[in-house]
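> here's a sequence, model it:
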Amino acid sequence: MTLERREGTVIGGWTVAIARAMDHYGLDTEAIFKACRINLSQALDSNARFPVVPISQVLQAAADASGDANFGLMVAKYIRPTSWHALGISIWASACMKESFERLVRYQRMFNTAIEIQMVQGDSSTEVSMRFKDAYAPVLGDIDMDAIMATALLTCRHVAEGQFRPLGVTLCRPSPVNPEGFERLFRCPVEFASDSNRILMKNDDLERPLPTRNAELAMLNDRLIQEYLTRLDRHDIVNQVYLKLMETLGNGIPDQQQVARSLHLSQRNMQRKLQLAGTSYQEILDQLRQELAPQYLQQSHLSINEISYRLGFSRVGSFTRAFKRWSGHSPNQYRDTISSSRESEH
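Numbering: from 1, shown residues only. Next comes the predicted model:
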């Protein structure tokens, strides 16, 4: 399993669905992926995983290029059972929708390591909530959650052969320009600007036997999921360090010993584990800075000094030299390019 970036990752089938949605609009799919540093051909590998931040950039670029602010909803329409590898088959082969969601919660890391999914059952209804982990919330957008929530709901509708209608859906995102698109897809009341992303469902609907149920097939694929997660866990130390750095950047220069201590490791032991994973603390830090810098620079209210501090550089000059090495431009030149591009669109 190849990880191109040392960060949260999403399953390769997600990338394929995004590409097919882009093809639907006649976009230059390969060029957009390439501009976001994603090699689309790798998605053909059933074990491929892709970094969540560049994939989020692909989604936003596709929304801009297609003119469809609700592009995330279109992605959900191209998800198939095999898009989730063995998890998709297990979900479809579950005895009931409640069991499907229990598998999604239990094995959520297989789908996306940057998200947290919870299920809470009440007397007559159950809610499934989804949120991005705190470290990823600032760098993943509404369009990412649109696609994930829509995928969960459409999967329910498919496995129930169209006989599924939730009680309601709430989304943290502000109301879109075209809220009717959400209401058509979800087929229930949709509340925007909520405090959480939730799907509320009747317990009776969740416990109704599924026409696609197959206990033997579900068990076989559960074993495949466990094998997959074992391979994924070999990279877990890398993702833990990346996540911890995202949490601590902005509080001064990252301290390697402090990061190791927070992971209950000695600095030497952490270095050894990272070396076995084929990377180093400095490499992870550099990749994180390289990915966050352009996103911060697009926020015009942040000064170069503030961005430098948020990225953990001791001097603005150090940040400027690093950014020029990454992009070929100084931070100010990059901002001027963005500004000119936006002005040309209006």
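> just the element for the nearest residue to residue 206 once chain neighbours are set aside, please.
The spatial neighbour of residue 206 that comes closest, neighbours along the chain excluded (Cβ to Cβ, 6 or more residues apart in numbering), is residue 98 at 4.0 Å. Glycine gets a C-beta too; all of them are placed from N, C-alpha and C. Counting by DSSP states H and E, the element that carries residue 98 is helix 97-106.
> okay, buried residues for that helix please.
Of the residues in helix 97-106, 97-101, 103-104 count as buried by neighbour count, 16 or more other Cβ atoms under 10 Å.
> closest one of the residues you listed to residue 15?
residue 104 (19.0 Å; Cβ to Cβ).
> pretty sure that closest one sits against residue 110.
No: with contact defined as Cβ atoms under 8 Å, residue 104 does not count as touching residue 110 (9.4 Å).
> now the spatially most central residue of the chain: how far from residue 92?
Centre of the chain computed as the mean C-alpha position; nearest residue by Cα atoms, centre = their mean is residue 52, 4.5 Å away. Separation of residue 52 from residue 92 (Cβ to Cβ, to the nearest Å) stands at 25 Å.
> try residue 190
From residue 190 over to residue 92 (counting by Cβ to Cβ), the distance is 26 Å.
> quick check: domain ranges of the chain?
Per automatic domain parsing, the structural domains of the chain span 9-230, 237-345.
> please identify the deepest-packed of these.
domain 9-230 (a mean of 18; mean count of other Cβ atoms under 10 Å).
> about what we covered before: OK, contacts around the residue nearest to residue 206?
Residues in contact with residue 98 (Cβ atoms under 8 Å, 6 or more residues apart in numbering) are 121, 126, 203, 206-207.
> can you lay out those as TSV showing distance to residue 76 and secondary structure?
Shown next, in TSV, are those (distance: Cβ to Cβ, whole Å; DSSP: H, G, I helix; E, B strand; the rest coil):
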residue	distance to residue 76	secondary structure
121	24	strand
126	21	strand
203	24	helix
206	20	helix
207	24	helix
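> that older thread, make JSON lines out of the domains of the chain and add mean pLDDT.
Output for the domains of the chain, formatted as JSON lines (pLDDT from 0 to 100):
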{"stretch": "domain 9-230", "mean pLDDT": "94"}
{"stretch": "domain 237-345", "mean pLDDT": "86"}
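> C-alpha coordinates for stretch 301-318, PDB please?
In PDB, the C-alpha atoms belonging to stretch 301-318 read as follows (Å, rounded to 0.1, in the frame of the first residue of the first chain):
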ATOM      1  CA  HIS A 301      -6.800  38.300   6.000                       C
ATOM      2  CA  LEU A 302      -3.700  36.400   7.200                       C
ATOM      3  CA  SER A 303      -0.400  38.300   7.000                       C
ATOM      4  CA  ILE A 304       2.800  36.600   5.800                       C
ATOM      5  CA  ASN A 305       4.100  36.900   9.400                       C
ATOM      6  CA  GLU A 306       1.000  35.200  10.800                       C
ATOM      7  CA  ILE A 307       1.300  32.400   8.300                       C
ATOM      8  CA  SER A 308       4.900  31.900   9.000                       C
ATOM      9  CA  TYR A 309       4.100  31.600  12.700                       C
ATOM     10  CA  ARG A 310       1.200  29.200  12.100                       C
ATOM     11  CA  LEU A 311       3.600  26.900  10.100                       C
ATOM     12  CA  GLY A 312       6.100  26.900  13.000                       C
ATOM     13  CA  PHE A 313       8.900  28.900  11.300                       C
ATOM     14  CA  SER A 314      11.100  31.000  13.600                       C
ATOM     15  CA  ARG A 315      11.700  33.600  11.000                       C
ATOM     16  CA  VAL A 316       9.600  35.000   8.000                       C
ATOM     17  CA  GLY A 317      12.700  34.700   5.800                       C
ATOM     18  CA  SER A 318      12.900  30.900   6.500                       C
END
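> the residue nearest to residue 90 when sequence neighbours are not counted: which element?
Nearest residue to residue 90 in three dimensions, chain neighbours excluded: residue 221, at 4.2 Å (Cβ to Cβ, 6+ apart). Per DSSP H and E, residue 221 falls inside helix 215-233.
> likewise for residue 130?
Going by DSSP H and E, residue 130 is part of strand 125-132.
> now for that strand, which elements pack on it?
Applying 3 or more Cβ pairs under 8 Å, 6 or more residues apart in numbering; DSSP states H and E, we find strand 125-132 packed against helix 97-106, strand 115-121, helix 142-159, strand 197-202, helix 203-207.
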